[in-house]
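**Q** Okay, structure incoming, though there's no sequence with it:
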């Protein structure tokens, strides 16, 4: 089954007959031509047989064995068997787990060649007749064609071996043929790109660019190299978006001038430029160039071409990001209609599209519809990719997010844990997706008040972040803050303070001076200090946080109101009731303008203001605030809500202080009735007052109750 076995399928000459010293160019050319014909018909195996025979005729039957080490001899009979190797990851086999994981990781970063990004700019097969009889150039040409056979079958690692050997032949030639050197460098770069090895890919594309410039090749060749390097910048980092845009734009100008404004290559560049605009959150600009690309592609390729579908999807994704859900849904549905025939019902991109549609349903709050579509995406994804693949993990986490939003924490935990298992099997140990899933699981533990388990998850995430980014990365600060909150919840205020302090240090080093995250951390530190009865220092933290939030959000924002409330509460603890009431009034004004009159925060502030007046003996003012809180609560939640009973209880206590028996009994009786109706029999009335003796004198019949 080795290459040599393939070669030996052709009849061998008798040993007694000497091989001619001259190359039988006609035979090599014929075999090469037949190989090209087979490859153009999609008969990869037959093409490989012809190209390997041509190599042996050109160089001797021992050429392949003598030029490749035994470990790199390719089993082409296995690689290119009739069963499509691209689907082999869906089948059960005896491959060891480590190999499976490596394969899945490659699939995760694999840029699929169904869609044209302009990375495969030199794909034409070369005829021996173009080689001017040069033996080494003939060999390099057949090696190149053999590499192309493997590329078209998705065997990129193997193709690189043949392209590199062809490149070595070219460099060793006495007569330099620059166009073929550039072609080979492009093809090697393309193979590395498909494998997700961007650094290696960039190296060869940059070499090609240098050779194009050095050798004075055409502007079109320059444009192709610029586009490929720009695509790599696009995938590498958003920090390189500007550089990528400059290269795309220069390439576009060249291609328009050389090929015309309606050429397919121009459409590809416009599509690539649209993706840069999308990356930079320039959605209107992205839609403009996507539309231009779409018009050209529809005219040149037909309305149902896969590249048309790609631009339709990109447009839908842009509309989705802009919040235009109806337009996004139209484009997603159009993509599905176009690609189901081309890709089949059980293709990874069909699964991805259903996941996008599910996301739209979720954002529309159509949660049951979202659940159905996500489950469909999961089923198709598993059929296309198997159970262990990053796309499957992503869909599992989407379903987990949906279950969490629907309040089904058990279901959410189930899917998060299943997604985590998949991620750990197919991704690197410290992959960001694993950190996100661990954080989601920690969030559920927090909701369940299982703070110990939440802390364990957050600590694991923290260790991963430190290994990946170092101890001073901004993501580390976020996890430290979450750990601080857990320590606060279990009343370990000393540990919480230290964690928040470290988070604050990192955020001040990484972020601008007045950043919302810095304000949030200052508020958290203030709350810890408040619990430790360090009221003055706590107040300083609250005031600084208030200053930052007011600068960022303006005066009338909920986060600003929270700080006014915290400052007011601190003044209460220090006995500065006048200042506390001033801050509560500011809180109430901000909340009403930011949230409206009918909001829970407004009710809470009204109650606290009433309690301050009650403590000061200003019972009329206290009743006024409690009555307003009661009216608002009834308006929001109805008359039978438990919160209504609690406010009635507060009002009853004030009437008790004023010896108003009728009003006391009305409030207490109604509160008790509501508690009982809601099954809150454990909720006892909190009877508190300062005038029980006077009540017993004025109304003796009430003394036992009092």
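**A** Great, that's in hand. For clarity, every value in this text was computed on a predicted model and none was experimentally measured.
**Q** Quick check: residue 688 touching residue 654?
**A** No. Here residue 688 does not reach residue 654: they are 9.8 Å apart, not a contact under C-beta atoms under 8 Å. (C-beta placed from N, C-alpha, C; glycine too.)
**Q** and the two? which has more neighbours close in?
**A** residue 654 (23 against 14; other C-beta atoms under 10 Å).
**Q** Check which helices and strands the helix or strand harbouring the more buried one is in contact with.
**A** Assigned by DSSP states H and E, residue 654 belongs to helix 642-657. The contact analysis (3 or more C-beta pairs under 8 Å, 6 or more residues apart in numbering; DSSP states H and E) places helix 642-657 against helix 600-615, helix 619-637, helix 661-677.
**Q** residues in contact with that helix?
**A** Helix 642-657 is contacted by residues 603, 607, 610-611, 614, 619, 622-623, 626-627, 629-630, 633-634, 637-638, 663-664, 666-668, 670-672, 674-675, 678, 680, 683, 685-692, 695, 706 when judged by C-beta atoms under 8 Å, 6 or more residues apart in numbering.
**Q** Excluding covalently adjacent residues, which one is nearest to the residue nearest the centre of the chain?
**A** Residue closest to the mean C-alpha point of the chain, counted by C-alpha atoms, centre = their mean, is residue 433 at 7.9 Å. Leaving out its chain neighbours, the residue that sits closest to residue 433 by C-beta to C-beta, 6 or more residues apart in numbering is residue 423, at 5.4 Å.
**Q** Repeat that for residue 373.
**A** Residue 373 sits nearest to residue 358 (C-beta to C-beta, 6+ apart), 3.7 Å away.
**Q** Now do the buried residues in the helix or strand hosting that neighbour.
**A** Assigned by DSSP H and E, residue 358 falls within helix 348-363. Using 16 or more other C-beta atoms under 10 Å as the test for burial, helix 348-363 gives 348-362.
**Q** With stretch 631-647 instead?
**A** For stretch 631-647, using 16+ other C-beta under 10 Å, the buried residues are 632-633, 636, 642-647.
**Q** Tell me the buried residues within the contacts of helix 642-657.
**A** The buried subset of the contacts of helix 642-657 - by 16+ other C-beta under 10 Å - is 603, 607, 610-611, 614, 619, 622-623, 626, 629-630, 633, 663-664, 667-668, 670-672, 674-675, 683, 685, 689, 695, 706.
**Q** per-residue confidence at the spatially closest residue to residue 397 that is not a sequence neighbour?
**A** Take residue 397 and drop its neighbours on the chain: the residue closest to it by C-beta to C-beta, 6+ apart is residue 419, 4.5 Å away. With respect to pLDDT, residue 419 scores 97.
**Q** same thing with residue 528?
**A** Note for residue 528: predicted pLDDT of 97.
**Q** Report all helices and strands that the host helix or strand of it contacts.
**A** Of the helices and strands defined by DSSP H and E, residue 528 is found in helix 516-531. Applying 3+ C-beta pairs under 8 Å, 6+ apart, we find helix 516-531 packed against helix 474-489, helix 493-510, helix 535-553, helix 558-573.
**Q** okay, the ones you listed in a markdown table with mean neighbour count and mean pLDDT next?
**A** Supplementary listing: those in a markdown table, determined by neighbours: other C-beta atoms under 10 Å; pLDDT from 0 to 100:
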| stretch | mean neighbour count | mean pLDDT |
| --- | --- | --- |
| helix 474-489 | 22 | 97 |
| helix 493-510 | 19 | 97 |
| helix 535-553 | 19 | 97 |
| helix 558-573 | 22 | 96 |
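**Q** Now render those as a markdown table, adding distance to residue 219.
**A** Output for the helices and strands packed on helix 516-531, formatted as a markdown table (distance: least, C-beta to C-beta, whole Å):
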| stretch | distance to residue 219 |
| --- | --- |
| helix 474-489 | 43 |
| helix 493-510 | 44 |
| helix 535-553 | 49 |
| helix 558-573 | 55 |
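**Q** Out of those helices, flag the one nearest residue 329.
**A** helix 558-573 (31.5 Å; C-beta to C-beta).
**Q** any idea how far residue 338 is from residue 294?
**A** Separation of residue 338 from residue 294 (C-beta to C-beta, to the nearest Å) stands at 12 Å.
**Q** give the contact list for the residue lying closest to residue 195 once chain neighbours are set aside.
**A** Nearest residue to residue 195, sequence neighbours excluded (C-beta to C-beta, 6+ apart): residue 156, at 5.2 Å. Taking C-beta under 8 Å, 6+ apart, we find residue 156 in contact with 150, 191-192, 194-195.
**Q** Which pair in these has the greatest spatial separation?
**A** Maximum distance among the contacts of residue 156 (C-beta to C-beta): 13.8 Å, for 150 and 192.
**Q** Give me the local confidence score for residue 691.
**A** 54.
**Q** Am I right that the residue nearest to residue 397 is in contact with residue 438?
**A** No. With contact defined as C-beta under 8 Å, residue 419 and residue 438 do not form a contacting pair (10.5 Å).
**Q** which one of the two has more residues nearby?
**A** Taking other C-beta under 10 Å, residue 419 and residue 438 do not tie; residue 419 has more neighbours (26 against 21).
**Q** Check the spacing between that one and residue 144 real quick.
**A** For residue 419, the distance to residue 144 - C-beta to C-beta - is 43 Å.
**Q** quick one, what contacts residue 565?
**A** Here residue 565 is in contact with 583-584, 587, 605, 608 (criterion: C-beta under 8 Å, 6+ apart).
**Q** residues in contact with residue 141?
**A** Here residue 141 is in contact with 32, 126-128, 130-131, 166, 180 (C-beta under 8 Å, 6+ apart).
**Q** ok, of those, which one's closest to residue 300?
**A** residue 126 (25.6 Å).
**Q** got a pLDDT number for the residue nearest to the centre of the chain?
**A** On the pLDDT scale, residue 433 gets 95.
**Q** Next one: it relative to residue 357, how far apart?
**A** 22 Å.
**Q** rewinding a little: contacting residues around the helix holding residue 358?
**A** 112, 114, 313, 316-317, 320, 325, 328-329, 332-333, 335-336, 339-340, 343-344, 367, 369-371, 373-374, 376-378, 380-381, 384-385, 391, 394-395, 398, 401-402, 405.
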